[in-house]
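Undergrad: sequence first, predicted model second:
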Amino acid sequence: MDMVLEADRLGKRYGSTWALRDCSLHLPAGRIAALVGPNGAGKSTLLHLAVGLLKPTEGTVRVFGRSPYGDTDGLADIGFVAQDTPLYRDFTASELVIAGGKLNKRWDAGLARKRLAQLGIPPDKPVGKLSGGQRAQVALALALAKQPRLLLLDEPVASLDPLARREFLQSLMGSVAESGTTVLLSSHLLADLERVCDYLIVLNASQVQLTGAVDDLVAEHRQLVGPRHDGGVIGGVTAVIRASHTDRQTTLLVRTDGPVTDPAWTIREVSLEDVVLAYLADGTTQTSHSEWGVAA
Ligand SMILES: Nc1ncnc2c1ncn2[C@@H]1O[C@H](COP(=O)(O)OP(=O)(O)OP(=O)(O)O)[C@@H](O)[C@H]1O
């Protein structure tokens, strides 16, 4: 399997604060990957390291096998839309399309103009006077015109209303399906991500909590509900990710490696959102594996 992005024990420190620590992950080619985590988890830091805007403090990151920091040639393959879609606000969309052609070796100005026309975005109005949603679409059109092999988007839909979000994500999916571009997209909007992403990276407090193909992750996790249970081996369960109790009942979100056959438990399938929220739960609700004597 071709890997587009590989991080090995990657870390970035600002003064005494680790923004990202011990981050090891890979992103296979052709995926649309969701990068999720609470505020301050390290998502933007990971994206900035991947595009070469930051130098790792420790460990390595490789994009298409190259170390991005200082590698200006490698930039031709990477499209990046930073948080809040920074654009030159006095420029019109048409002017930005022309400027992009002068700054990039590979540039499909026709594609950008066609996208903007399809979306009804006025080409001759300064982008600073467009709506937030229109600006996000201009930024995406410019990033796609670059024909990147990897597209990094930092919270691209944060400022959009639900309809604009849906349109934005649909147009993104349509474009990358045609081109085969790999996408890594950070967002807090789990329901949106569940619709468009087939790969997941969960960061929390500067560390990777979970990574893998969405279908596999959803299939491997289950919710168990049963009589109050304060620990012990459960056959088929490799990890208890989250446990909550009432006086009589215990609810667990677990990772499995086979069927859970104990009839004491009612077993339910989970959504991607259930899985992500369980991994993001704080230490007071997360249960260590040893406490549960998890079955090997
Ligand atoms: N330039 C900087 N100087 C000092 N600390 C920074 C800097 N940039 C980020 N940090 C810190 O690094 C940590 C990770 O920040 P980062 O912006 O990567 O998080 P994030 O997951 O993108 O957050 P958000 O969802 O709020 O955008 C935070 O604790 C943040 O305060």
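TA: Everything's here; your move. Residues are numbered from 1 along each chain as shown.
Undergrad: who are the packing partners of the helix or strand R21 falls within?
TA: R21 belongs to strand 17-28 when assigned by DSSP states H and E. Using 3 or more CB pairs under 8 Å, 6 or more residues apart in numbering; DSSP states H and E, the elements in contact with strand 17-28 are strand 3-14, helix 43-51, strand 58-63, strand 182-186, strand 199-204, strand 207-213. In this view, the C-beta of every residue, glycine as well, is placed from N, C-alpha and C.
Undergrad: switch the cut-off to 10 Å
TA: Using 3 or more CB pairs under 10 Å, 6 or more residues apart in numbering; DSSP states H and E, the elements in contact with strand 17-28 are strand 3-14, strand 32-36, helix 43-51, strand 58-63, strand 182-186, strand 199-204, strand 207-213.
Undergrad: can you add mean neighbour count and distance to the ligand and give the ones you listed back as JSON lines?
TA: Formatted as JSON lines, those follow (neighbours: other CB atoms under 10 Å; distance: least, CB to the nearest ligand atom, whole Å):
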{"stretch": "strand 3-14", "mean neighbour count": "19", "distance to the ligand": "3"}
{"stretch": "strand 32-36", "mean neighbour count": "26", "distance to the ligand": "8"}
{"stretch": "helix 43-51", "mean neighbour count": "24", "distance to the ligand": "3"}
{"stretch": "strand 58-63", "mean neighbour count": "19", "distance to the ligand": "14"}
{"stretch": "strand 182-186", "mean neighbour count": "25", "distance to the ligand": "7"}
{"stretch": "strand 199-204", "mean neighbour count": "23", "distance to the ligand": "7"}
{"stretch": "strand 207-213", "mean neighbour count": "17", "distance to the ligand": "11"}
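Undergrad: got TSV for the ones you listed, with mean pLDDT too?
TA: Formatted as TSV, these follow (pLDDT from 0 to 100):
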stretch	mean pLDDT
strand 3-14	96
strand 32-36	95
helix 43-51	96
strand 58-63	97
strand 182-186	95
strand 199-204	94
strand 207-213	93
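Undergrad: buried residues in the strand holding R21?
TA: Residues of strand 17-28 classed as buried by neighbour count (16 or more other CB atoms under 10 Å): 18-21, 23, 25, 27.
Undergrad: adjacent strands (with direction) for that strand?
TA: According to DSSP bridges, strand 17-28 forms sheet pairs with strand 3-14 (antiparallel).
Undergrad: between strand 199-204 and the strand it pairs with, find me the angle.
TA: Here strand 3-14 points in a direction 10 degrees away from that of strand 199-204 (axes from the mean of the first three to the mean of the last three CA atoms, to 10 degrees).
Undergrad: restrict strand 3-14 to CA atoms and write it as CSV.
TA: Provided in CSV are the C-alpha atoms of strand 3-14 (Å, rounded to 0.1, in the frame of the first residue of the first chain):
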residue,chain,number,x,y,z
MET,A,3,1.8,5.8,1.9
VAL,A,4,1.4,9.5,1.3
LEU,A,5,2.2,10.7,4.8
GLU,A,6,4.2,9.0,7.4
ALA,A,7,5.1,10.3,10.9
ASP,A,8,7.4,8.5,13.2
ARG,A,9,7.6,9.7,16.8
LEU,A,10,7.0,13.2,15.5
GLY,A,11,7.0,16.0,18.0
LYS,A,12,6.9,19.8,18.0
ARG,A,13,7.6,21.9,21.1
TYR,A,14,7.0,25.6,21.7
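Undergrad: that one versus strand 58-63: what angle between them?
TA: 150 degrees.
Undergrad: out of the buried residues of strand 17-28, who's near the ligand?
TA: Restricting the buried residues of strand 17-28 to those touching the ligand (CB under 6 Å from any ligand atom) yields A19.
Undergrad: buried stuff in the helix or strand of the chain with the lowest mean pLDDT?
TA: The weakest-scoring helix or strand in the chain, judged by mean pLDDT, DSSP states H and E, is helix 162-179 (a mean of 84). Judged by neighbour count (16+ other CB under 10 Å), helix 162-179 contains these buried residues: 164-165, 167-169, 171-172, 175-176.
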